[in-house]
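Peer 1: just coords:
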């Protein structure tokens, strides 16, 4: 396929895996049982990806319990539960933990998940990692005695670099930095100062990699996606996109399918996408229970091709299908049917555009 297409990350976990995790918390199942469930879920996810024809696959974040945001710190002793809150538009709130002392270190690195997934597939593997800007919200406003914010950020950037570099060294096709808090930053602070601080921090991280390494590093943005709801879809994309492309990454995975005015957003992408950057536009809406047809995806790709040069165009899903492990709003069957439609529809559009198969 001459138009590249990649998934975002999370695939709904099997119900049995979710139930077993809850049973472990309740003391009615063993950690060994949960580990077996994790391994089975990863194997099944990669087999399902293979069946869709997806040229790039992931482990579906099956082991990222409890969420894509906190997987690296889950189980650390230096945290309490009363951190940054993320309100969603249907009324529920996701709450991050708060750091209580330093030094800051990850407990789990995403490259460890790659090590497991690589045993079960020969296809190019993509790995998503959480952004430094998201984890910067762990540090409390009031500070931590004996551990300054500056020291924390130095530790955070070192841990992020270690994680990304570990994925690259293991041959990751793409390392995707999840930057879903970008649009949320504008909702919290309409002046744009918070967003710019996030951009600056993430660029400090990206500076640690060579040009060749950054060609395999991408950034994902969306207004959140949890229990068929969002946290910042009401924020105008026009406020985000000009700033987003100042990130020194090569690939941008951009929620688009669920936008009410796609041509307007595509015009902003066209006007601000820099040479050497590639825009993977969302052609699948994970929050819509209806499965898109390949023909519908094809039309969305053709629409995007009217604005974005073909050499800089790719396709993706708007966001992951289950970023939080307890989200049962979408079935695995629906998620993979949507992915299959994306793969087929992207190929149809490439043919319509006269682009040869790779």
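Peer 2: Ah, there it is. Everything quoted here is computed from the prediction, not taken from an experiment.
Peer 1: what helix or strand is residue 218 on?
Peer 2: strand 217-221 (DSSP states H and E).
Peer 1: cool, residue 315 as well?
Peer 2: Going by DSSP H and E, residue 315 is part of strand 313-317.
Peer 1: Name every strand pairing with the strand holding residue 218 and say which way it goes.
Peer 2: strand 174-178 (parallel), strand 251-254 (parallel) (DSSP bridges).
Peer 1: Tell me which of these sits nearest to residue 225.
Peer 2: strand 174-178 (11.3 Å; C-beta to C-beta). For the C-beta atoms, the positions are set from N, CA and C on the backbone; glycine is no exception.
Peer 1: Give me the contact list for the closest one.
Peer 2: Here strand 174-178 makes contact (C-beta atoms under 8 Å, 6 or more residues apart in numbering) with 6, 8-9, 56, 68-69, 126-131, 134, 164, 167-168, 202, 216-220, 249, 251, 253.
Peer 1: Now the element after it, going C-ward?
Peer 2: Next along from strand 174-178, by DSSP H and E: helix 181-188.
Peer 1: Would you mind listing the buried residues in that next one?
Peer 2: Using 16 or more other C-beta atoms under 10 Å as the test for burial, helix 181-188 gives 181, 182, 183, 184, 185, 186, 187.
Peer 1: what ranges do the helices span in the stretch 251-358 of the chain?
Peer 2: In the stretch 251-358 of the chain, the helices defined using DSSP state H, counting those that start in this stretch lie at 262-272, 294-305, 332-352.
Peer 1: Need the mean per-residue confidence for the second one.
Peer 2: Computed over helix 294-305, the mean pLDDT rounds to 98.
Peer 1: Just want the angle from that helix to helix 332-352.
Peer 2: 50 degrees (axes from the mean of the first three to the mean of the last three C-alpha atoms, to 10 degrees).
Peer 1: Residue 221 - how many residues pack around it?
Peer 2: Residues lying near residue 221 (other C-beta atoms under 10 Å) number 22.
Peer 1: next one: the one 10 residues further on
Peer 2: Counted by other C-beta under 10 Å, the residues lying close to residue 231 total 22.
Peer 1: Next, the residue lying closest to it once chain neighbours are set aside: secondary structure please.
Peer 2: Counting by C-beta to C-beta, 6 or more residues apart in numbering, residue 231 lies nearest to residue 224, which is 3.8 Å off, once chain neighbours are set aside. Following DSSP: H, G, I helix; E, B strand; the rest coil, residue 224 is assigned to coil.
Peer 1: so residue 224 touches residue 93, yeah?
Peer 2: No: if you go by C-beta atoms under 8 Å, residue 224 and residue 93 don't touch, sitting 11.8 Å apart.
Peer 1: Residues that sit against both of those two, list them.
Peer 2: Residues touching both residue 224 and residue 93 by C-beta under 8 Å, 6+ apart: residue 86.
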